[in-house]
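S.K.: here is a sequence with its predicted model. Questions after.
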Protein chains: 2
Amino acid sequence: MKLNKVVKREPLRQQVLASLKNALINGDLTPGQRLTEEGVAEFLGVSRTPAREALAILHQAGSIKRRENGGFEVIAPTMEDIEQIFQVRHRLEPYAARLAAEKVTSGDIRQLQKYLAEQEAHVNAVSATRYLEADRALRGLLFSLSGNQQLVDCIGRYEEHLQFVAALTLKDPAIRRIAMNVDRPLVEAISKRDPEAAEAAAHTQLEEARKALMQVLGDAIESGLYG
Amino acid sequence: MKLNKVVKREPLRQQVLASLKNALINGDLTPGQRLTEEGVAEFLGVSRTPAREALAILHQAGSIKRRENGGFEVIAPTMEDIEQIFQVRHRLEPYAARLAAEKVTSGDIRQLQKYLAEQEAHVNAVSATRYLEADRALRGLLFSLSGNQQLVDCIGRYEEHLQFVAALTLKDPAIRRIAMNVDRPLVEAISKRDPEAAEAAAHTQLEEARKALMQVLGDAIESGLYG
DNA sequence: TTGAAGTATACTGTATACAGTATTGTCTAT
DNA sequence: ATAGACAATACTGTATACAGTATACTTCAA
């Protein structure tokens, strides 16, 4: 039997999807922006088929919505959406943190702290990119430590809707510093394998995050930069 | 200006998707079963394109998974998956029930009770179809009464994974009768606008449902009818 | 009988063609 | 100048063609 090729060529669809997701996260695609199959296809130099499929997946995931007459547009979460998402987060994420604290291994703890250090290192940077990457990595690991894949999937569902607003919020180093102050205790509680403390820290962290996001979103809407 | 046509023709993709979803729910497609673009297309008399898109959506939703070498297969939730889903349900659904009890209107209550009566009417029927329809309708309404669309979406994420096993479980009228015994108090608590009682009833209901599903799934796996 | 090679088959990924529809811009007649 | 008709444009929905690849099958040789 022949071995599989080491290089497994990714379908174009996946590459297009990755491009679009990336653009959504880093703000190249802003809420309200129009997207058509042909436009995406042409821009990325592929045919309509993979573009169409990537858009369908994004649509299914809720990151974009169909326009009245053709095309899609990037979703612009309202303040109400954000409030509702945080209600759900309060139900799920502290629970995930608790489970993680019960199951975490020493290796996991090292990795969590590595991500945290990575955040610390970029907390005052001009660009928030590296900070955000470390943040996403840390959160991803933390949730997966819960050992409950269904829980991770549920959390993943709304994460994407938050990313644009979160990135907007964390552009400001001052807010990053505040965020670190509530991230540290969470990692610490998990490192001490203290489920109660982890759950409490997750609640605190969410409350801070909610306040910051609502503030920034409110300002953005008011100044007409959004919506 | 001309009025929009009243009849807005559904894309084939949607029809294919609906067919497949329906087949998943009522057991025409059983876990482990193979699905190919061409097979679906031919069976439903459409070209590969809409079939492909419907499959992509199902895949994205997690109802089917890609096979090693071509095609998809219907997902077969393991006992662990079900346990994990119920952990999530315990976090979300009692909360949704609580919110619903706080916001429910008299009209909603009438509708809930109508669905409950519909369930009662078919609890001993030979086919579980009508019972299941009423059950889905009731749950859908109940959750949407929470007023939190993000919460509804999260709940919707895993619902599909449960439906096959739930349908299998509720084939047995005896289990349907047990289910009614825990459904009634929930609707009652909401009708009384009692959030505490609603939350508690939802927990109880979930615990009963979990036990029943695990039992049936365990038997099915043991007898090799599944997996 | 068995192993190896070559061939047929089945399926996906991708591009492209074509039809249908809504919107927009333009031209003409009044 | 303006209303109304008509053409151009911009999309999506759907079918289909074609290439690439993995699997199964068959055939031929030792």
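M.R.: On my side now, so go ahead.
S.K.: just give me the longest helix of chain A.
M.R.: Counting residues, the longest helix found in chain A (DSSP state H) is helix A:195-222.
S.K.: next up, the contacts around the residue of chain A found nearest DNA strand D.
M.R.: In chain A, the residue that lies nearest DNA strand D is A:Glu37 (3.3 Å; C-beta to the nearest atom of the strand). C-betas here are computed from N, CA, C, even on glycine. Contacts for A:Glu37 (C-beta atoms under 8 Å, 6 or more residues apart in numbering or on different chains) come out as A:Arg48, A:Ala51, A:Arg52, A:Leu55.
S.K.: that one and A:Val165, how far apart?
M.R.: 27 Å (C-beta to C-beta, to the nearest Å).
S.K.: sec struct for the nearest residue to A:Gln149 once chain neighbours are set aside, please.
M.R.: Leaving aside its sequence neighbours, A:Gln149 sits nearest to B:Gln84 (C-beta to C-beta, 6 or more residues apart in numbering or on different chains; 6.4 Å). Secondary structure, DSSP: H, G, I helix; E, B strand; the rest coil: B:Gln84 is helix.
S.K.: tell me the contacts of B:Gln84?
M.R.: A:Asn148, A:Gln149, A:Gln150, A:Leu151.
S.K.: ditto for A:Leu168
M.R.: Counting by C-beta under 8 Å, 6+ apart, the residues that A:Leu168 touches are A:Gly27, A:Val216, A:Leu217, A:Ala220.
S.K.: helix/strand/coil for it?
M.R.: With three-state DSSP as the basis, A:Leu168 sits in helix.
S.K.: how about the residues of chain A that lie near DNA strand C?
M.R.: For chain A, the contact set with DNA strand C under C-beta under 7 Å from any atom of the strand comprises A:Pro11, A:Leu12, A:Arg13, A:Val46, A:Ser47, A:Arg48, A:Thr49, A:Pro50, A:Glu68, A:Asn69.
S.K.: tabulate these (a markdown table), appending neighbour count, secondary structure and distance to A:Val126.
M.R.: What follows is those, written out as a markdown table (neighbours: other C-beta atoms under 10 Å in any protein chain shown; DSSP: H, G, I helix; E, B strand; the rest coil; distance: C-beta to C-beta, whole Å):
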| residue | neighbour count | secondary structure | distance to A:Val126 |
| --- | --- | --- | --- |
| A:Pro11 | 11 | coil | 36 |
| A:Leu12 | 18 | helix | 34 |
| A:Arg13 | 19 | helix | 35 |
| A:Val46 | 17 | coil | 34 |
| A:Ser47 | 12 | coil | 39 |
| A:Arg48 | 14 | helix | 38 |
| A:Thr49 | 15 | helix | 40 |
| A:Pro50 | 20 | helix | 35 |
| A:Glu68 | 6 | coil | 40 |
| A:Asn69 | 5 | coil | 41 |
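S.K.: and the two most separated of these?
M.R.: Spatial extent of those (C-beta to C-beta) is set by the pair A:Pro11 and A:Glu68 at 30.6 Å.
S.K.: how about low-confidence regions in chain A?
M.R.: A:1-9, A:227 (pLDDT under 70).
S.K.: mind giving me the domain split of it?
M.R.: Domain assignment of chain A by automatic domain parsing yields the ranges A:12-74, A:79-222.
S.K.: near DNA strand D, which residues of chain A?
M.R.: A:Asn4, A:Lys5, A:Thr36, A:Glu37, A:Glu38, A:Gly39, A:Arg48, A:Thr49, A:Arg52, A:Gly70, A:Gly71, A:Phe72.
S.K.: the residues you listed, buried ones only, as a PyMOL selection?
M.R.: Buried subset of the residues of chain A next to DNA strand D, written as a PyMOL selection, criterion 16 or more other C-beta atoms under 10 Å in any protein chain shown:
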select buried, chain A and resi 36+37+52+71+72
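S.K.: which of the residues of chain A next to DNA strand D fall in strands?
M.R.: Taking DSSP state E as the definition of strands, those contribute A:Phe72.
S.K.: tell me which two in the residues of chain A next to DNA strand D are the farthest apart.
M.R.: Greatest spacing in the residues of chain A next to DNA strand D, by C-beta to C-beta: A:Asn4 and A:Gly70 (41.3 Å).
S.K.: residues in contact with A:Glu133?
M.R.: A:Glu118.
S.K.: and it, helix, strand or coil?
M.R.: helix.
S.K.: pretty sure A:Arg48 sits against A:Glu38.
M.R.: Yes - counting by C-beta atoms under 8 Å, A:Arg48 does reach A:Glu38; the two are 6.1 Å apart.
S.K.: show me where chain A has helices.
M.R.: A:12-26, A:37-44, A:48-61, A:79-103, A:106-122, A:129-144, A:149-169, A:173-191, A:195-222.
S.K.: mind checking those for the one nearest to B:Ser127?
M.R.: Between the helices of chain A, helix A:149-169 lies closest to B:Ser127; by C-beta to C-beta that is 29.8 Å.
S.K.: tell me what angle that closest one forms with helix A:195-222.
M.R.: 40 degrees (axes from the mean of the first three to the mean of the last three C-alpha atoms, to 10 degrees).
S.K.: still on that earlier bit, save the domains of chain A as JSON lines, and put in distance to B:Ser63 too.
M.R.: Below are those laid out as JSON lines (distance: least, C-beta to C-beta, whole Å):
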{"stretch": "domain A:12-74", "distance to B:Ser63": "12"}
{"stretch": "domain A:79-222", "distance to B:Ser63": "13"}
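S.K.: burial-wise, tell me which of these comes out on top.
M.R.: Sort these by mean neighbour count, taking mean count of other C-beta atoms under 10 Å in any protein chain shown, and domain A:79-222 sits at the top with a mean of 18.
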